[in-house]
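Student: next input, structure requested:
(chains A and B)
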Amino acid sequence: MLERIARGDMRAFETLYRAYFARLARFIERTTRRPELVEEILNDTMFVVSTSAHKFNRTSKASTWIFAIAYRKSLKALRDVDDPVEADDALEAVPDTDAIEPRDEVMRTQLRRILTEAVDALSANHRAVIELTYFQEAGYREIAEIMGCPIETVKTRMFHARRRLKALLPERLEDIL
Amino acid sequence: MTARVVNLDSAHREVRDLLPWFVMGTLDEAEQRLVDEHLKACAACRGELEWERQLREANRVALPERDVDRAFAALRARLPAQPREVPLFERLRDLGERLLSPAWMRPMLALQAVAIVGLAVALWAGRMPAAAQEHTYRALSRPAAAEPARVVVAFTPQTSLGEMRRILLASDARIVDGPTAADAYILAIAPERLDAAVQRLRGESSVLLVQPLEAKAAQ
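Tutor: Here you go, the predicted structure:
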């Protein structure tokens, strides 16, 4: 597919674009927390895919290569709007615990909302690891390739992300878990 | 004892760090087994696993859908209208890489081996007559080996291929050139049979012209 795109095949490119659109949009939105920037970052990513497809060297999966571009574009967009990329020690956006009702479905829905908010409060690097692991179902080796960092860094980021999530969640919620 | 505690700790830490990918089923087999074994003995990691499952569920939240058509149209406007001209060196490099890729390597090597054997045989076969020729001794007084005589022949336009073949066989002649611009053929005939052949050819109603070339030159 990327070879056809490298030769300027616009139909192949459109097929690829549509196949990746939802996954990339989600990854970018979860990493940046900036819904208003998602389409711009996504199109910047796919622009690079279109114009650099001839540079894809087949040593990694096509999806890994594309997500790596999306990750770099996401971090660049955050820097452009002065949003910190690295972990920030000042924890904000602590979820509202009063809204939790310890009753089956209601509780589960609330739990999801609180966890989502807690993930949002992490740094971009941590959010990217969480999103790639739990939603995009990438292994840690692939995540290291996407983020351009050693495997141990991925594990460390994940460990810190989990620890922060626990710290962000109210004690009562931990009891429920 | 201390060493054992340290080892246990590092094994515990290793498994604890792998739990997110264990829950997702994205570990390799050996890692999956390692975690399985450790979980049987470690209550802390089992507790951690439950928390991982909650985290996985929480991350499955759906985000609002986006308009792919509108987004693609926006990008389409930015892309160059013409296909990118791939520089020659890149095309050559890509071709080289494709040929050297594992899938191609085996048949290419086989082909190369066949070519090498073929060349060796051709070289050997080619050397033999050349060597024989080098050692052939011919006295100056001895007449040169008889070269076939050449005859120009033209057939009537109605002559069929079968008829032409019959005439050539009867005259012991072979076509060595033609048809020429004038629709004639050059025949090769053994010198000792030349006269008889020319006579026979002239007697054929399908033959318009018979002209021995050497005879003319000798005259």
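Student: CA only for contacts and neighbour counts going forward, please
Tutor: Noted.
Student: so what secondary structure elements neighbour whichever helix or strand A:Ile28 is part of?
Tutor: Using DSSP states H and E, A:Ile28 falls within helix A:10-32. Using 3 or more C-alpha pairs under 8 Å, 6 or more residues apart in numbering or on different chains; DSSP states H and E, the elements in contact with helix A:10-32 are helix A:2-6, helix A:38-52, helix A:62-80, helix A:124-134, helix B:68-78.
Student: any idea how far A:Ile143 is from the residue nearest the centre of chain A?
Tutor: Centroid check for chain A by C-alpha atoms, centre = their mean gives A:Ala128 as the closest residue, at 3.4 Å. Per C-alpha to C-alpha, to the nearest Å, A:Ala128 is found 9 Å from A:Ile143.
Student: with B:Glu31 instead?
Tutor: In terms of C-alpha to C-alpha, B:Glu31 sits 17 Å off from A:Ile143.
Student: the more surrounded of the two?
Tutor: For the pair B:Glu31 and A:Ile143, the greater number of neighbours falls to A:Ile143 (23 against 16), based on other C-alpha atoms under 10 Å in any protein chain shown.
Student: the more buried one contacts A:Thr153, doesn't it?
Tutor: No - the pair A:Ile143 and A:Thr153 fails to qualify as a contact (C-alpha atoms under 8 Å) at a distance of 10.1 Å.
Student: got any ranges where the chain has weak pLDDT?
Tutor: Using chain A here. Scanning chain A with the threshold set as pLDDT under 70 gives A:84-108, A:170-177.
Student: oops, wrong one, chain B.
Tutor: Residue ranges of chain B with pLDDT under 70: B:1-8, B:81-91, B:94-106, B:126-145, B:214-219.
Student: please parse it into its domains.
Tutor: Following automatic domain parsing, one gets these domains for chain B: B:2-58, B:149-218.
Student: and if you look at chain A?
Tutor: Here the domain parsing of chain A from automatic domain parsing is A:2-80, A:97-176.
Student: now check stretch B:26-45, is it near chain A?
Tutor: Yes - counting by C-alpha under 8 Å from any C-alpha of the partner chain, contacts between stretch B:26-45 and chain A involve B:26-27.
Student: who's in contact with that stretch?
Tutor: Contact with stretch B:26-45 is made by A:137-139, B:12, B:15-16, B:18-19, B:21-22, B:25, B:46, as judged by C-alpha atoms under 8 Å, 6 or more residues apart in numbering or on different chains.
Student: could you rerun that using 10 Å?
Tutor: Stretch B:26-45 has contacts (C-alpha atoms under 10 Å, 6 or more residues apart in numbering or on different chains) with A:133, A:137-141, B:11-23, B:25, B:46-49, B:51.
Student: repeat for stretch A:49-62
Tutor: Under C-alpha under 10 Å, 6+ apart, the answer for stretch A:49-62 is A:1-10, A:13-14, A:16-17, A:43-44, A:46-47, A:65-66, A:68-70, A:142, A:145-146, B:79-80, B:83-84, B:86, B:90-91, B:94, B:97.
Student: can you turn the buried part of the residues you listed into a ChimeraX selection?
Tutor: The ChimeraX selection below is limited to those of the contacts of stretch A:49-62 classed as buried (16 or more other C-alpha atoms under 10 Å in any protein chain shown):
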select /A:2,5,6,7,8,9,10,13,16,17,43,44,46,47,65,66,68,69,70,142,145,146 /B:94
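Student: neighbours of B:Ala184, how many?
Tutor: Neighbouring residues of B:Ala184 were enumerated by other C-alpha under 10 Å; the total is 18.
Student: phi, psi of it?
Tutor: Per-residue torsions, B:Ala184: phi -100, psi 160 (degrees, to the nearest 10).
Student: swap in B:Arg174?
Tutor: B:Arg174 adopts backbone torsions of phi -120, psi 140, taken as degrees, to the nearest 10.
Student: was I right about it contacting B:Ile189?
Tutor: Yes - counting by C-alpha atoms under 10 Å, B:Ile189 is a contact partner of B:Arg174 at 6.8 Å.
Student: what sits in contact with each of those two?
Tutor: Common neighbours of B:Arg174 and B:Ile189 (C-alpha under 10 Å, 6+ apart) are B:150-151, B:168.
Student: any chance of those residues in a markdown table, plus neighbour count and secondary structure?
Tutor: Conversion of the shared contacts of B:Arg174 and B:Ile189 to a markdown table gives the following (neighbours: other C-alpha atoms under 10 Å in any protein chain shown; DSSP: H, G, I helix; E, B strand; the rest coil):
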| residue | neighbour count | secondary structure |
| --- | --- | --- |
| B:Arg150 | 23 | strand |
| B:Val151 | 25 | strand |
| B:Leu168 | 17 | helix |
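Student: hmm, back to that, could you pick out the buried ones from the contacts of stretch B:26-45?
Tutor: For the contacts of stretch B:26-45, a neighbour count by 16+ other C-alpha under 10 Å gives the buried set as A:133, A:137-141, B:12, B:15-23, B:46, B:49, B:51.
Student: those in helices, which ones?
Tutor: A:133, A:140-141, B:12, B:15-23, B:46, B:49, B:51 (DSSP state H).
Student: between these, which is closest to B:Leu213?
Tutor: Of all these, A:Arg141 has the smallest distance to B:Leu213: 83.4 Å, by C-alpha to C-alpha.
Student: skip the chain neighbours and tell me the closest residue to that closest one.
Tutor: Closest residue to A:Arg141 apart from its sequence neighbours, by C-alpha to C-alpha, 6 or more residues apart in numbering or on different chains: A:Ile151 at 6.0 Å.
Student: state the distance from the one you found to A:Gly139.
Tutor: Following C-alpha to C-alpha, the distance that separates A:Ile151 from A:Gly139 is 10 Å.
Student: what residues are up against the nearest residue to A:Asp44 once chain neighbours are set aside?
Tutor: Nearest residue to A:Asp44 in three dimensions, chain neighbours excluded: A:Lys73, at 7.2 Å (C-alpha to C-alpha, 6+ apart). Residues counted as contacts of A:Lys73 (C-alpha under 10 Å, 6+ apart) are A:28, A:40-45, A:48, A:67, A:79.
Student: redo that, cut-off 8 Å
Tutor: A:41, A:44-45 are the contacts of A:Lys73 under C-alpha under 8 Å, 6+ apart.
Student: having no further points to raise, I will conclude here.
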